[in-house]
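> how would this look folded up:
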Amino acid sequence: MMYYDIVGSLPLELLVQIVGYLDLKDIVRNQRVSKRWRTIFSCEPIISPFLRETLAFLGLDEDGVSTDVAMVDAMSYFQWRHGLEHAQPVKKVFLPWRKPLFRKPEETLCHSRRLCYDVVSHNEAEIFDLATGKTSIWIDPTKTVFRRLVLSDQYLVVIFRAWTFDYHALTAWNIHTKEKFSNNVPAFGARYTIVGDKVVFAPSPQRGSLPAYVWDLAMNHVQEIGNFSNLRLCHVDAADNILVAFECKADQPSEVQQTKWSITTGDLLEKKVFALPIPTDCPVFTNLELFRNPCRTYGRKTVAQSMFWNDHAPIYLEYDYAIDQLSVRWIDNAEVISRRGQIYRCVYLTRNLVYRFLTETMEVVVYNITTGAETLQPMLSEQGEQHPLIRDTERRNFNVFGDREVFGVANEIGLELWFFNPKFTPDLIPGGFISVPEVVK
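This next block holds a predicted model:
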């Protein structure tokens, strides 16, 4: 009996219309039928709508990465997205630190395939390039009392506490050219983030009325901006030199004050007050607290989270600068958190996904902000109770970090990394960091 491929013989225009009724999972399944079908179902007119949706989910289309570069492999991007949504990485690896640490790092970060952490006892920051396996040590011998790190694809920023405790000393390096910058800002409880070449120091709501500061690395200039008493979200558009701030009180969070400021001059450009768009299924806003995590910016969108302190239910705020709109999502996870322990750490892997690590049970809870779905995965599914991170310590004090390619958990013993991009699974040696580090001062 002769086999006739009806699908393969159809005109491309008709195939595109038929495939319009399928989802990405069906597209991937059809790619597995044969080489001929893989070619057909991988052509740009058929898969581009699905890949653009997936790339938007990953944040790739908003971070300056061209969507056209991914139009050849729907399966890889489907696996990437599916793994992120359900905490199913393509690879896991445990790494002990390059040298013994007396305490866990104050900060552990991952950005652009670089792992960054501090060694408090030596007042130095280290960057481990996951792609090349090379390690570099960054030291400013003129400063002491390390406080925080900020990392982007271009800059490493180290915040030091001065001996007088009235200001923070700042050091930044261009990690590509090794160019060094120094400055300082007044000391106050702040959340730190970096957008482009702008480092933002946003005051915590618990600290009273305080200004924000923006360090423009291109000009090596620190600009003081406004006074904020209940800052919940702060968005910086580096291209327009605009800072957008949202304030709402903990006991009256339904009323929001939005202000726009010039980063260059510190001038107030716009101010308005409006009611927060609360979801219909959300309970009455009371006892609203802010997470320690800083705001996270993806292109022209910034996300932040608060929560109902008594119920442990997160409120996710998202600001879209392109359309000047603030939206709110709520996920009722009180049952999961109360049932499995209340001490946890969290990180955004995309603007749609938050990974919450439950330290009491060593589990990872994944929240899809868009759909409200949650996935619970045991951290120790592969290592059992003798996981190296808890083998020699009873103190379950961890750093949780990551981006769309990597999720990690670290303490003073070492770190475990989960890799989600099927095309980025580096062959890291379980024995740890082996390269001779480059020292940058």
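> any weak-confidence spans in the stretch 151-300 of the chain?
Within the stretch 151-300 of the chain, the segments meeting pLDDT under 70 span 162-165, 189, 205-207, 249-253, 279-294.
> again, only using 80
Residue ranges of the stretch 151-300 of the chain with pLDDT under 80: 161-166, 187-190, 204-208, 249-254, 276-294.
> what do you get for the stretch 301-441 of the chain?
305-315, 329-345, 359-362, 370, 372, 379-397, 428-436.
> quick one: the helices in it, in order.
Assigned by DSSP state H, counting those that start in this stretch, the helices in the stretch 301-441 of the chain fall at 334-340, 388-391.
> the stretch 1-150 of the chain too?
Taking DSSP H, counting those that start in this stretch as the criterion, the stretch 1-150 of the chain carries its helices at 6-9, 12-19, 24-31, 35-40, 44-58, 74-86.
> quick check: which of those helices is nearest to residue 128?
When the helices of the stretch 1-150 of the chain are compared by CB to CB, helix 74-86 sits nearest residue 128, at 22.2 Å. Just so you know, the C-beta spots here come from the backbone N, C-alpha and C atoms, and that holds for glycine as well.
> off-centre distance for that closest one?
Offset of helix 74-86 from its chain centre (CA atoms, centre = their mean, to the nearest Å): 17 Å.
> that helix packs against which elements?
helix 24-31, helix 44-58, strand 363-368, strand 374-378 (3 or more CB pairs under 8 Å, 6 or more residues apart in numbering; DSSP states H and E).
> what is the orientation angle of the third one with strand 374-378?
Between the axis of strand 363-368 and that of strand 374-378 there is an angle of 160 degrees, by axes from the mean of the first three to the mean of the last three CA atoms, to 10 degrees.
> centre of the chain to strand 363-368, how far?
Using CA atoms, centre = their mean, the offset of strand 363-368 from its chain centre is 14 Å.
> just the shortest one next, same as before
Relative to the chain's own centre, strand 374-378 is displaced by 19 Å; criterion: CA atoms, centre = their mean.
> which elements pack onto it?
helix 74-86, strand 363-368.
> can you give the strand pairings for it, parallel or anti for each?
Next to strand 374-378 in the sheet, as set by DSSP bridges, lie strand 363-368 (antiparallel).
> can I get the partner strand as CSV, trimmed to CA atoms?
Extracted C-alpha coordinates of strand 363-368, given in CSV (Å, rounded to 0.1, in the frame of the first residue of the first chain):
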residue,chain,number,x,y,z
GLU,A,363,10.3,22.8,48.2
VAL,A,364,9.8,25.2,45.3
VAL,A,365,6.4,26.8,44.5
VAL,A,366,6.0,28.2,41.0
TYR,A,367,3.3,30.9,40.5
ASN,A,368,2.1,31.7,37.1
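> buried residues, that strand. List them.
363-368 (16 or more other CB atoms under 10 Å).
> touching, residue 45 and residue 14? I think so.
No - taking contacts as CB atoms under 8 Å, residue 45 lies outside contact range of residue 14: 11.5 Å.
> the two: who's more crowded?
For residue 45 versus residue 14, neighbours defined as other CB atoms under 10 Å are more numerous around residue 45 (12 against 9).
> could you measure from the residue lying closest to that one once chain neighbours are set aside over to residue 347?
The shortest distance from residue 45 to any non-neighbouring residue, by CB to CB, 6 or more residues apart in numbering, is to residue 16 (5.2 Å). Distance from residue 16 to residue 347, counting by CB to CB, to the nearest Å: 39 Å.
> neighbour count for these two, which is higher?
Using other CB under 10 Å, the more surrounded residue of residue 16 and residue 347 is residue 347, with 21 against 15.
> which strand residues bridge the more buried one?
Counting by DSSP bridges, residue 347 forms beta bridges with residue 355.
> what residues does residue 114 make contact with?
Neighbour list for residue 114: 127-130, 151, 175 [criterion: CB atoms under 8 Å, 6 or more residues apart in numbering].
> over to residue 415?
Contacts of residue 415 were listed using CB under 8 Å, 6+ apart, and they are 94-95, 97, 108, 115, 389, 408-409.
> which members of those residues define the maximum pairwise distance?
Between any two of the contacts of residue 415, the greatest separation by CB to CB is 15.5 Å, found for 115 and 389.
> how far does stretch 261-268 stretch from one end to the other?
Distance between the boundary residues of stretch 261-268 (CA to CA, to the nearest Å) amounts to 5 Å.
> so which bits of that stretch are buried?
261, 263, 266.
> which one of these is nearest residue 315?
Using CB to CB, residue 261 comes nearest to residue 315 of the buried residues of stretch 261-268, at 24.3 Å.
> so the closest one touches residue 241, yeah?
No - using CB under 8 Å as the test, residue 261 is too far from residue 241 to be in contact (9.5 Å).
> what is the burial count for residue 97?
Residue 97: 20 neighbours (other CB under 10 Å).
> name the nearest residue to it, sequence neighbours excluded.
residue 414 (5.5 Å).
> residue 83 now?
The shortest distance from residue 83 to any non-neighbouring residue, by CB to CB, 6+ apart, is to residue 420 (4.6 Å).
> residues contacting that neighbour?
80, 83-84, 89-90, 349, 404-407.
> give me that answer again for 6 Å
Residue 420 makes contacts with 80, 83-84, 89, 405, as judged by CB atoms under 6 Å, 6 or more residues apart in numbering.
> also residue 159?
If you count contacts by CB under 6 Å, 6+ apart, residue 159 has them with 147-148, 168, 170.
> measure the residue nearest to residue 374 when sequence neighbours are not counted to residue 378 for me?
In space, and not counting its chain neighbours, residue 374 is closest to residue 367: 5.3 Å by CB to CB, 6+ apart. Distance, residue 367 to residue 378, using CB to CB: 17 Å.
> look up the residues forming beta bridges with residue 328.
In this entry, residue 328 is beta-bridged to residue 317, by DSSP bridges.
> ok, which of the helices of the stretch 1-150 of the chain comes nearest residue 193?
Nearest to residue 193, of all the helices of the stretch 1-150 of the chain, is helix 44-58, at 19.8 Å by CB to CB.
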